[in-house]
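Novice: this one's sequence-less:
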Ligand SMILES: Nc1ncnc2c1ncn2[C@@H]1O[C@H](COP(=O)(O)OP(=O)(O)OP(=O)(O)O)[C@@H](O)[C@H]1O
């Protein structure tokens, strides 16, 4: 760690504090995540999901892990530095974002997700705090919960941030898929468009209530499996008609609304894949620059732009439409809102007891500005980047190319200090057996639906 000078703490998560730092030798600005837990051996470190998954990811929209250092039993992750996260961009903002900006961000995130899902991983904890922004570039960060798509259920140890948690996870399904990331992206897109969380549940039960309030109670037609799941745990959905999403995001385009409706479908099978989303009409003006055609900067601090603006800036880069073999065309989509007639607004509970036990302790607040942004799991209102969950996880590569990209070396620099360099190294770590490990969430409160008291979404967001 002597090589780095810590400048300022920029984030305090559940599992580590994140610092802006400078590499004294190169002058490069980096983000260093100092893990709170002590690590007494390298084996423990290299089994962490964050290490195992991130070392295999090499994509302009996935934050790059450059180095892993263990010194005096403390573990440090050295990442490329990003200026801020999406939560920070939204929280004090009074004016809605231009849809073009949202499109640009989302297009990039879906490209990162498409890459990740196709390589066999899903993130499981997508939320605005985990989407890092520097200028026009956005990257997916925090792989503490990442899991292999093909790893075997049951996935018992997983708890994602409540507001972005997919219904199948809320209903305690042990078999969920990368579609949990698609749900989270629908919720994030809606939040970007309205500057308010769309499903701000104050407990797990309230989370389901909020979802029903917006998209309507699931039926045998929309999610038979969900009804079965609910039966299994003896849960009764509140019977609510839902509202047209356009009433919550009056300024959003039809395409944006349609995409969010698709992403926030009860049935995971009805949600599009990330690859399919890239072909949705919402992204019609965007085009994809394949990694092979992207310029490779020697210092990859500012990656090549991806998305509409980036593509225009790099005019030498050939224009390539997204072409994905299994992608289903979106023009077959019809607006699914059969419940448009019930646009009576969404109710929510403001003074909700914390029913989640160990996490997600922040109550939903009632003022427009507060209720917009106090994501669950925040430890301190002053720490915008703090958050929920469990971290430190796993993965296994499903493709040989993934391993080529991983290129990771362990460099021991003394018995108490080791570092794993992820960039530009050539020796690979043997993927160790997957280590689960986490922290269950208090489940016993789950079956207590909460009563809504007010109608938060009926307020118009200042434009
Ligand atoms: N590469 C980076 N560049 C700049 N800031 C970063 C970077 N990585 C993380 N941060 C900041 O630190 C915060 C916490 O990081 P991270 O989510 O990785 O920690 P965590 O302990 O896993 O948090 P959580 O409680 O959300 O699980 C982020 O929300 C972000 O604001």
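Specialist: The structure has been received and is ready for your questions. Being a predicted model, the structure only gives us computed values, none of them experimental. Numbers count the residues shown, from 1 in each chain.
Novice: distance of residue 53 from residue 80?
Specialist: The spacing between residue 53 and residue 80, counted by C-beta to C-beta, to the nearest Å, is 16 Å. (Glycine included, C-beta is placed from N, CA and C.)
Novice: who's more crowded, the two?
Specialist: residue 53 (28 against 22; other C-beta atoms under 10 Å).
Novice: Surely that one is in a helix?
Specialist: Yes - applying DSSP: H, G, I helix; E, B strand; the rest coil, one finds residue 53 inside a helix.
Novice: Hmm, residue 121 and it touching each other?
Specialist: Yes - when contacts are counted by C-beta atoms under 8 Å, residue 53 is listed as touching residue 121 (5.4 Å).
Novice: For residue 17, grab phi and psi.
Specialist: Torsion angles at residue 17 (phi, psi; degrees, to the nearest 10) stand at phi -100, psi 140.
Novice: For it, the count of nearby residues, please.
Specialist: Using other C-beta under 10 Å, residue 17 has 18 neighbouring residues.
Novice: In contact with residue 131, which residues are there?
Specialist: Counting by C-beta atoms under 8 Å, 6 or more residues apart in numbering, residue 131 makes contact with 85-86, 105, 109, 138-141, 188.
Novice: show me which of those residues neighbour the ligand.
Specialist: Here is what survives when these are matched to the ligand using C-beta under 6 Å from any ligand atom: 85, 141.
Novice: Write the ChimeraX selection for whichever of the contacts of residue 131 are buried.
Specialist: The buried residues among the contacts of residue 131 can be selected in ChimeraX (16 or more other C-beta atoms under 10 Å) with this line:
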select :85,86,105,109,138,139,140,141,188
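Novice: So among the contacts of residue 131, where is pLDDT lowest?
Specialist: Least confident of the contacts of residue 131 in the model: residue 141, at 92.
Novice: Could you pull up the residues touching it?
Specialist: Counting by C-beta under 8 Å, 6+ apart, residue 141 touches 63, 79, 82, 85, 130-132.
Novice: Which two among the residues you listed are spaced furthest apart?
Specialist: Maximum pairwise distance among the contacts of residue 141 (C-beta to C-beta): 13.9 Å, between 79 and 131.
Novice: So the residue nearest to residue 253 when sequence neighbours are not counted versus the ligand, what's the distance?
Specialist: Spatial nearest neighbour of residue 253, excluding adjacent residues (C-beta to C-beta, 6 or more residues apart in numbering): residue 99 at 6.0 Å. Shown here: residue 99 relative to the ligand, a distance of 24 Å by C-beta to the nearest ligand atom, to the nearest Å.
Novice: buried set for the longest helix along the chain?
Specialist: In the chain, taking DSSP state H as the definition, the longest helix is helix 99-118. By 16+ other C-beta under 10 Å, the buried positions in helix 99-118 come out as 99, 101-118.
Novice: do stretch 121-138 as well
Specialist: Buried residues in stretch 121-138 (16+ other C-beta under 10 Å): 121-134, 136-138.
Novice: likewise stretch 11-25?
Specialist: Buried residues in stretch 11-25, counted by 16+ other C-beta under 10 Å: 11-23.
Novice: Report how far apart the opening and closing residues of that stretch are.
Specialist: End-to-end distance of stretch 11-25 (C-alpha to C-alpha, to the nearest Å): 24 Å.
Novice: So is that stretch next to the ligand?
Specialist: Yes - against the ligand, stretch 11-25 shows contacts by C-beta under 6 Å from any ligand atom at 11, 13-16, 18.
Novice: Tell me which strands the helix or strand harbouring residue 30 pairs with, and in which orientation.
Specialist: Per DSSP states H and E, residue 30 falls inside strand 29-38. Here strand 29-38 has these sheet partners by DSSP bridges: strand 16-23 (antiparallel), strand 74-80 (antiparallel).
Novice: Kindly reformat those strands as JSON lines containing distance to residue 260 and mean pLDDT.
Specialist: JSON lines is the format used below for the strands paired with strand 29-38 (distance: least, C-beta to C-beta, whole Å; pLDDT from 0 to 100):
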{"stretch": "strand 16-23", "distance to residue 260": "30", "mean pLDDT": "94"}
{"stretch": "strand 74-80", "distance to residue 260": "30", "mean pLDDT": "91"}
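Novice: Can you lay out the ones you listed as CSV showing distance to residue 272?
Specialist: Listed next are these as CSV, based on distance: least, C-beta to C-beta, whole Å:
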stretch, distance to residue 272
strand 16-23, 32
strand 74-80, 29
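Novice: Let me know which of these is the nearest to residue 200.
Specialist: Distance to residue 200, taken as C-beta to C-beta, is lowest for strand 16-23 among the strands paired with strand 29-38, at 24.8 Å.
Novice: Doesn't residue 188 belong to a helix?
Specialist: Yes - counting by three-state DSSP, residue 188 falls inside a helix.
Novice: Any idea how many residues pack against residue 39?
Specialist: Close neighbours of residue 39, defined as other C-beta under 10 Å, add up to 18.
Novice: wouldn't residue 1 be in contact with residue 76 here?
Specialist: Yes - counting by C-beta under 8 Å, residue 1 touches residue 76, with 6.3 Å between them.
Novice: Could you pull out the residues contacting both of the two?
Specialist: Both residue 1 and residue 76 are contacted by residue 69, under the criterion C-beta under 8 Å, 6+ apart.
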